[in-house]
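A.B. asks: sequence first, predicted model second:
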Amino acid sequence: MKKILEYISNNVLVKVASLNSVSVIIKIIAGFLTSKFIAIYVGSEGMALVGNLRNFVGSVQSLSILGLYKGVVKYIAEFKNDVVQLSKTLSTVFYLGFIMSLLTCFVVYFKADYINELIFTEDNNYAYVIKIFAVALPFYALNMFAFSILNGFSKYKYLIIFNIFGQVLGAIVTILLIWLEQIDGALIAVVTTESLIFLITLVGILNRRNVVKLIRASNFSFSFAKKLGSYSGMALFSAIILPVVAILIRTYIIDNIGLKEAGFWEAMNRISKYYLLFISSLLTLYILPRFSEIDNIKEFRKEVFSFYKTIIPIFALGLIVIYFLRHFIVRVVLTEEFLPVKELFFWQLLGDFIKVLSIVIAYQFLAKRMFWHYIITEAFSVVVLYFTSKILIDEFGLVGANMAHFVTYVLYYAIILLIFYSSLFGVIPEKNE
């Protein structure tokens with residue numbers, strides 16, 4: 001027992017995971033509460049509309065910050081002890097994000113009617129929701145900038161505390177809006193809650209006045225902006241393509257099976273998103289900064305297999321528990337109307353397990369700016385996902401979309417292993433030891 005306690009106290013990954021789990025549990029509870037209210041007050045058809053808006057919002061949010069978040073984390077982690085380079089990093093990212101978020105804000109606001117026609121059915125006019133989103137967008141950009149600074153400085157404790165307060169605030173606002181305005185409230189919540197969190201993260205940044213002072217227009221660097229271009233390209237590719245594919249798949253389900261069934265698929269995606277929170281937040285908080293610091297194969301291999309040994313067994317056990325409790329989960333998180341969702345769990349859980357195995361390694365693409373590796377593998381995965389979804393939906397019905405999710409990540413993982421085979425399993429050269 002003593003050895004186990006010593007291991008936990010000395011293992012940074014385990015410490016971050018333990019601290020992070022508190023935030024994740026609160027986020028899951030908040031997510032389940034909001035999902036319950038959506039299920040009760042909006043129903044499966046409304047959930048499909050919420051899903052389309054959520055995908056659109058995610059794309060535009062990433063566009064508004066030029067997909068720079070992960071690149072900023074890397075360079076802050078790299079230059080945190082170099083004041084000159086750090087100032088260039090912060091100044092360049094702040095002004096790039098400021099300009100782009102304002103431009104995006106204006107375009108979204110004045111094209112709200114056109115956007116409404118693209119993401120909603122003809123009978124629904126929610127252009128005013130899109131205009132609210134446009135106004136809230138710059139605050140989201142500032143929030144992500146603040147988060148990237150704290151993440152780059154490895155201020156895990158502050159990040160997690162802000163996440164906890166943010167989730168509580170977001171859940172309260174979402175539940176109130178849904179209770180008061182039903183579908184309209186749910187849609188407004190989607191476009192505003194992440195921007196509201198800026199009120200909390202602002203406190204953390206103001207407390208780091210020494211960092212704020214480094215942000216100067218005179219320190220804007222075009223050469224550094226060029227460096228960030230690869231990160232921006234990688235992030236924007238995923239941020240735009242993945243939601244578009246999700247909308248296309250959801251639309252295909254609506255056209256070929258029904259709007260209600262599209263709502264079931266969206267409900268399964270929401271549940272998946274919440275149980276994956278632990279892993280996804282851990283990857284952002286720990287793996288990306290750690291991979292950015294590593295400069296040799298030996299350490300990279302050690303971190304990957306450490307993650308596999310410490311986190312993956314717990315994750316696998318959690319997925320097994322979720323599968324056997326799926327009937328209970330659907331009833332508690334959603335409503336009786338959503339009981340058909342329990343038939344989608346098996347393939348979704350399998351796909352998510354393989355997904356986590358692969359993206360742990362694939363984070364090296366981001367950490368080391370492996371631009372074309374990232375773009376080609378991501379493009380491959382979305383093309384496979386789209387076409388296998390259509391084929392398997394035609395053959396097996398709604399569950400075919402979840403089967404396609406599994407098939408996609410099996411093939412994606414195979415490619416990732418092929419790319420990193422020598423780094424993970426080959427002989428390490430002496431200079432890398």
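C.D. replies: Now that the structure is in, tell me what you want to look at.

A.B. asks: lowest average confidence, helix or strand, in this structure?
C.D. replies: helix 2-10 (a mean of 42; mean pLDDT, DSSP states H and E).

A.B. asks: show the pLDDT at residue 360.
C.D. replies: On pLDDT, residue 360 comes in at 88.

A.B. asks: relative to residue 22, how far out is the residue nearest to the spatial centre of the chain?
C.D. replies: The geometric centre of the chain, computed from its C-alpha atoms, lies nearest to residue 280 (CA atoms, centre = their mean), at 6.8 Å. Separation of residue 280 from residue 22 (CB to CB, to the nearest Å): 16 Å. Just so you know, the C-beta spots here come from the backbone N, C-alpha and C atoms, and that holds for glycine as well.

A.B. asks: what's the answer for residue 328, then?
C.D. replies: 24 Å.

A.B. asks: one more: residue 199?
C.D. replies: Going from residue 199 to residue 22 by CB to CB gives 21 Å.

A.B. asks: do the same with residue 106
C.D. replies: 39 Å.

A.B. asks: same check, this time on residue 335
C.D. replies: 29 Å.

A.B. asks: contacting residues for the nearest residue to residue 55 once chain neighbours are set aside?
C.D. replies: Spatially, and ignoring its direct neighbours in sequence, residue 55 is nearest to residue 243 (3.6 Å; CB to CB, 6 or more residues apart in numbering). Counting by CB atoms under 8 Å, 6 or more residues apart in numbering, residue 243 touches 55-56, 58-59.

A.B. asks: kindly reformat those as JSON lines containing pLDDT, distance to residue 249 and neighbour count.
C.D. replies: Listed next are those as JSON lines, based on pLDDT from 0 to 100; distance: CB to CB, whole Å; neighbours: other CB atoms under 10 Å:
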{"residue": "55", "pLDDT": "87", "distance to residue 249": "10", "neighbour count": "21"}
{"residue": "56", "pLDDT": "89", "distance to residue 249": "14", "neighbour count": "23"}
{"residue": "58", "pLDDT": "85", "distance to residue 249": "15", "neighbour count": "17"}
{"residue": "59", "pLDDT": "84", "distance to residue 249": "15", "neighbour count": "20"}
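
A.B. asks: list just the nearest of those residues to residue 144.
C.D. replies: residue 58 (12.2 Å; CB to CB).

A.B. asks: any weak-confidence spans in the stretch 201-350 of the chain?
C.D. replies: 203-213, 230-231, 285, 289 (pLDDT under 70).

A.B. asks: ranges for the helices of it?
C.D. replies: Ranges of helices within the stretch 201-350 of the chain are 209-212, 222-256, 259-275, 277-282, 288-293, 297-310, 312-324, 326-333, 345-367, based on DSSP state H, counting those that start in this stretch.

A.B. asks: nearest to residue 137 among these would be which one?
C.D. replies: Nearest to residue 137, of these and by CB to CB, is helix 222-256 at 13.9 Å.

A.B. asks: in the closest one, what counts as buried?
C.D. replies: When burial is assessed from 16 or more other CB atoms under 10 Å, helix 222-256 yields the following buried residues: 224-225, 227-228, 230-243, 245-250, 252-254.

A.B. asks: how about stretch 34-53?
C.D. replies: Result for stretch 34-53 [16+ other CB under 10 Å]: buried residues 34-39, 41-53.

A.B. asks: same question, stretch 258-267
C.D. replies: 259-267.

A.B. asks: re the thing from before, who's more crowded, residue 335 and residue 22?
C.D. replies: residue 335 (17 against 13; other CB atoms under 10 Å).

A.B. asks: tell me the pLDDT at the residue lying closest to the more buried one once chain neighbours are set aside?
C.D. replies: Once flanking residues are discounted, residue 335 sits nearest to residue 39: 4.5 Å by CB to CB, 6+ apart. Residue 39 is assigned 86 on the pLDDT scale.

A.B. asks: what about residue 39, helix or strand, and which?
C.D. replies: helix 12-41 (DSSP states H and E).

A.B. asks: tell me the helices and strands packed up against the helix or strand just after that helix.
C.D. replies: Following helix 12-41 in sequence order, the next helix or strand is helix 43-64 (DSSP H and E). Contacts defined by 3 or more CB pairs under 8 Å, 6 or more residues apart in numbering; DSSP states H and E place helix 43-64 against helix 12-41, helix 83-110, helix 112-119, helix 127-152, helix 183-196, helix 222-256, helix 259-275.

A.B. asks: got those helices as JSON lines, with distance to residue 397 columns?
C.D. replies: Output for these, formatted as JSON lines (distance: least, CB to CB, whole Å):
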{"stretch": "helix 12-41", "distance to residue 397": "22"}
{"stretch": "helix 83-110", "distance to residue 397": "36"}
{"stretch": "helix 112-119", "distance to residue 397": "25"}
{"stretch": "helix 127-152", "distance to residue 397": "32"}
{"stretch": "helix 183-196", "distance to residue 397": "26"}
{"stretch": "helix 222-256", "distance to residue 397": "9"}
{"stretch": "helix 259-275", "distance to residue 397": "8"}
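
A.B. asks: and residue 304, which of those helices is closest to it?
C.D. replies: Per CB to CB, nearest to residue 304 of the helices and strands packed on helix 43-64: helix 12-41, 11.3 Å.

A.B. asks: just send the contacts of residue 243 back as CSV, with distance to residue 405 too.
C.D. replies: Compiled in CSV, these are given as follows (distance: CB to CB, whole Å):
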residue, distance to residue 405
55, 15
56, 21
58, 17
59, 19
